[in-house]
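Chemist: take a look and give me a structure for this.
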Amino acid sequence: MSMPEHIQHTVSVCNQRLYLLCQLKGQNLPVECLDRIFDAIVISKLICALPSGFGYISVEQLNIIRKLFVKAHRWGLTENSYNADELFAFRDQQLFKAVDHFNHCLQHLLPPVKKVCYKLRTPSYELIVHKLKQTRYSYLVRMVFENLPV
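Modeler: Numbers count the residues shown, from 1 in each chain. The predicted structure follows:
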């Protein structure tokens, strides 16, 4: 399944879950409970697999997810006004911290730790970035080069 198809399927499932929440709201379920259920069935669905492909989604697909959050907040299904960019960036950081743990199964994919010395020359990792144009949106490349010391 391609990334646009995956996003479309995920958003359609989330829209069905918003309908379920509307039905629960119609049964006079308190807003606090609706908010918890929204986190459990909508937010968890969105953040479960998106960090691996978040760099590959287009602006239009990201806007579809943003509209889903706006609709849920406007309908009163959640008290929080979620920001998709911040939510996925936070999830990326959480996943990277987990991978950075010394006994994680993906730890061997990370580059070895280097001692940082201050030089006036350009860092050598800039050359690596140019070589990785095809994979620059993959999760590991985004996290490694985003978290390099400057």
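
Chemist: where in this protein is pLDDT low?
Modeler: Scanning the chain for pLDDT under 70 picks out the ranges 49, 51-52, 117-137, 145, 147-150.

Chemist: rerun that using 90 as the cut-off
Modeler: Within the chain, the stretches with pLDDT under 90 are 1-8, 47-58, 80, 84-150.

Chemist: relative to Leu34, how far out is the residue nearest to the spatial centre of the chain?
Modeler: By Cα atoms, centre = their mean, the chain has its centre lying nearest to Phe88, at 2.6 Å. Here the criterion is Cβ to Cβ, to the nearest Å. By it, Phe88 lies 23 Å from Leu34. Quick note: C-beta positions are derived from backbone N, CA and C, even for glycine.

Chemist: on that earlier part again, and the residue nearest to the centre of the chain, what element?
Modeler: helix 84-99 (DSSP states H and E).

Chemist: buried ones in that helix, by neighbour count?
Modeler: Neighbour counts over helix 84-99 (16 or more other Cβ atoms under 10 Å) mark Ala84, Leu87, Phe88, Arg91, Asp92, Leu95, Phe96, Val99 as buried.

Chemist: how many residues are close by the closest residue to the last one other than its chain neighbours?
Modeler: For Val99, the nearest residue in space outside its immediate sequence neighbours is Leu106; the separation is 4.8 Å by Cβ to Cβ, 6 or more residues apart in numbering. Counted by other Cβ atoms under 10 Å, the residues lying close to Leu106 total 14.
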